[in-house]
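Peer 1: Show me the folded form of this:
(one chain, ligands or ions: 3)
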Amino acid sequence: MASNKSLLILPGDGIGPEAMGEVRRIVNWMEDNRAVSFDIDEDLVGGSSIDAHGIPVTDEVVEKAMNVDAVLLGAVGGPKWDNLDFSIKPERGLLRLRKDLELFANLRPAVCFDALVDASSLKPELVSGLDIMIVRELTGGVYFGEPRGIEDLGNGIRRGVNTQVYTTPEIQRVARVAFELAKKRDNRVCSSEKANVMESGVLWREEVQKIHDTEFPEVELSHMYADAAAMELVRKPKQFDVIVTDNLFGDILSDCAAMLTGSLGMLPSASLGDVDDSGRRKALYEPVHGSAPDISGKNIANPIATILSYAMALRYSFDMGTEADLVETAVQKVLASGIRTGDIMSAGMTQVSTTEMGNAIIRELDKANG
Ligand SMILES: NC(=O)C1=CN([C@@H]2O[C@H](COP(=O)(O)OP(=O)(O)OC[C@H]3O[C@@H](n4cnc5c(N)ncnc54)[C@H](O)[C@@H]3O)[C@@H](O)[C@H]2O)C=CC1
Ligand SMILES: CC(C)CC(=O)C(=O)O
Ligand SMILES: [Mg+2]
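Peer 2: Numbers count the residues shown, from 1 in each chain. Ligands and ions are numbered 1, 2, ... in the order given. Model (predicted):
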């Protein structure tokens, strides 16, 4: 069927291609059963691109990513490429995509499915009903700031340097995304930084407060130091609705939030740019987890984070809320039926492989579709 909706799939490394294989099957299911058709292209990123081209992402792939409606990415990295120069490590491929596409807002929803309350590392009453949205700034901060590098100071002494840097527009635009999201949720934003010790944190706090006071006074705003936020996430996570924070703290706080939901294998994400004049918004969808070299090649990884990232693409890039709901409900039903990959396994449940988890989700989609 002809379609003008385009999707670039970049499976990447390690468990990325394994989880993405299950997404491909759901994409095919959508085409066969819901007439949801995309022009799909697939290419290399990360270590797989280094092996083929010597660099973690080619200009051609960046160009393709710029011109599609959405990119779906698996994960990058692995021990094979760990000792390469920083400029060509697999992770640089992903960082370049985020930067060149200006995907400044990374939405990382941490939702605890009812069936997984017992899989969380916290007590059931602390995570039951948990629904947090972490909005992580994604194109600034210490992952991109200059100067950076490792210098030789002589006498066997070296110095490693990275620079945390934010401008006011960078803070303001991600703050707006957080406030807009909060308005559709529980109307609360907690902004997190280290304003007690970092000037960039002071600027962050002032600018978020300014955007609140001038544009979103109806949203409840609080500020919390990032170390305290990490502590509060494991002490009383349900106090949070939307958390907005910088690139580094968002990376750390979202891995922490992932465990509240049962596993890093459960958390999807959407990385969004600004809406352009034609109403289009560049977007990349990827799980929060990495390439998990310790379990890759064994068909045991949990594909749900990648599958839910595809559901986010349906919702945010293609305005297909009904289809996104179908996927999310299928995942919920599979979990409720006791089917588990190893990372979310608990007593009395049925442990399955990556492929079997995909099969189970497709069976639920079939049932829902009549
Ligand atoms: N967005 C990306 O592509 C990311 C890439 N990485 C890269 O991935 C590589 C490994 O990094 P790690 O720190 O080990 O983080 P990781 O997220 O790959 O793995 C951390 C732990 O969680 C488990 N895990 C992760 N995803 C899982 C899933 N879907 N199912 C079951 N278990 C899962 C792994 O087995 C491992 O024990 C590194 O090269 C790192 O730079 C790390 C984070 C994000
Ligand atoms: C570039 C990535 C490997 C950094 C990361 O851990 C993440 O974005 O979650
Ligand atoms: Mg991370």
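Peer 1: all contacts plus neighbour counts: C-alpha atoms, from now on.
Peer 2: Will do.
Peer 1: ok, which stretches of the stretch 151-300 of the chain are helices?
Peer 2: 168-183, 199-215, 226-235, 247-260 (DSSP state H, counting those that start in this stretch).
Peer 1: Please name whichever of these is nearest to ligand 1.
Peer 2: With CA to the nearest ligand atom as the measure, helix 247-260 is the member of the helices of the stretch 151-300 of the chain nearest ligand 1 (8.2 Å).
Peer 1: returning to that earlier point: need the helices of the stretch 151-300 of the chain in CSV with mean pLDDT, distance to ligand 2 and mean neighbour count, can you?
Peer 2: Listed next are the helices of the stretch 151-300 of the chain as CSV, based on pLDDT from 0 to 100; distance: least, CA to the nearest ligand atom, whole Å; neighbours: other CA atoms under 10 Å:
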stretch, mean pLDDT, distance to ligand 2, mean neighbour count
helix 168-183, 98, 16, 20
helix 199-215, 98, 20, 18
helix 226-235, 98, 16, 16
helix 247-260, 95, 5, 21
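Peer 1: In CSV: the ones you listed, plus distance to V71.
Peer 2: Listed next are the helices of the stretch 151-300 of the chain as CSV, based on distance: least, CA to CA, whole Å:
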stretch, distance to V71
helix 168-183, 20
helix 199-215, 29
helix 226-235, 30
helix 247-260, 20
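Peer 1: Show me the one of the ones you listed that comes nearest G321.
Peer 2: Closest of those to G321 is helix 168-183, at 15.9 Å (criterion: CA to CA).
Peer 1: contact partners of the closest one?
Peer 2: With CA atoms under 8 Å, 6 or more residues apart in numbering as the contact definition, helix 168-183 has outside contacts at 104-105, 135-137, 140, 187-189, 203-204, 207-208, 211-212, 216, 219, 241-244.
Peer 1: OK, contacts around the residue of the chain found nearest ligand 2?
Peer 2: The minimum distance from the chain to ligand 2, using CA to the nearest ligand atom, falls at E91 (4.8 Å). By CA under 8 Å, 6+ apart, E91 lies in contact with G46, P56, V76, G77.
Peer 1: so which of those residues are also by ligand 1?
Peer 2: Counting by CA under 6 Å from any ligand atom, V76, G77 from the contacts of E91 sit close to ligand 1.
Peer 1: Show me just the buried residues among the contacts of E91.
Peer 2: G46, P56, V76, G77 (16 or more other CA atoms under 10 Å).
Peer 1: so how many other residues sit close to the closest residue to the first one other than its chain neighbours?
Peer 2: This means G46. Of all residues not flanking G46 in the chain, P90 sits nearest, at 3.8 Å (CA to CA, 6 or more residues apart in numbering). If you count neighbours by other CA atoms under 10 Å, P90 ends up with 28.
Peer 1: For P90, which residues are in contact?
Peer 2: The contact partners of P90, taken as CA under 8 Å, 6+ apart, are V45, G46, G47, I50, P56, V76, G77, W81.
Peer 1: next one: S296
Peer 2: S296 makes contact with G14, I15, according to CA under 8 Å, 6+ apart.
Peer 1: Can you pull the phi and psi angles for it?
Peer 2: Dihedral pair for S296: phi -70, psi 150, per degrees, to the nearest 10.
Peer 1: Close to ligand 1: what parts of the stretch 1-150 of the chain are there?
Peer 2: Taking CA under 6 Å from any ligand atom as the contact definition, the stretch 1-150 of the chain meets ligand 1 at A75, V76, G77, G78, E91.
Peer 1: What distance do you get for the fourth one to G348?
Peer 2: Here G78 is placed at a distance of 34 Å from G348 (CA to CA, to the nearest Å).
Peer 1: Tell me the secondary structure at L7.
Peer 2: With DSSP: H, G, I helix; E, B strand; the rest coil as the basis, L7 sits in strand.
Peer 1: From the residues of the stretch 1-150 of the chain next to ligand 1, which land in helices?
Peer 2: Among those, the members falling in helices (DSSP state H) are E91.
Peer 1: Tabulate the residues of the stretch 1-150 of the chain next to ligand 1 (TSV), appending pLDDT and distance to T167.
Peer 2: Output for those, formatted as TSV (pLDDT from 0 to 100; distance: CA to CA, whole Å):
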residue	pLDDT	distance to T167
A75	98	29
V76	98	29
G77	98	30
G78	98	33
E91	97	24
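Peer 1: need the contact list for V334.
Peer 2: Counted by CA under 8 Å, 6+ apart, V334 has contacts A360, I361, E364.
Peer 1: quick one: it from ligand 1, how far?
Peer 2: Using CA to the nearest ligand atom, to the nearest Å, V334 is found at 16 Å from ligand 1.
Peer 1: Would you list the phi and psi of V352?
Peer 2: Note on V352: its backbone torsions stand at phi -130, psi 170 [degrees, to the nearest 10].
Peer 1: And for it, the neighbour number?
Peer 2: Close neighbours of V352, defined as other CA under 10 Å, add up to 19.
Peer 1: need the contact list for it.
Peer 2: Taking CA under 8 Å, 6+ apart, we find V352 in contact with I300, I339, R340, T341, G342.
Peer 1: And the furthest pair within these?
Peer 2: Greatest spatial distance among the contacts of V352 (CA to CA): I300 and I339, at 12.9 Å.
Peer 1: can you list the domains in this protein?
Peer 2: What automatic domain parsing lists as the domains of the chain is 1-113+261-370, 131-260.
Peer 1: which residue of the protein sits farthest from its center?
Peer 2: N155 (42.6 Å; CA atoms, centre = their mean).
Peer 1: okay, it: pLDDT?
Peer 2: Each residue has a pLDDT score; the one for N155 is 96.
Peer 1: Identify the residues contacting it.
Peer 2: N155 touches nothing, counting by CA under 8 Å, 6+ apart.
Peer 1: do the same with L107
Peer 2: Applying CA under 8 Å, 6+ apart to L107 gives the contacts M133, I134, V135, R136, S269, A270, S271, L272.
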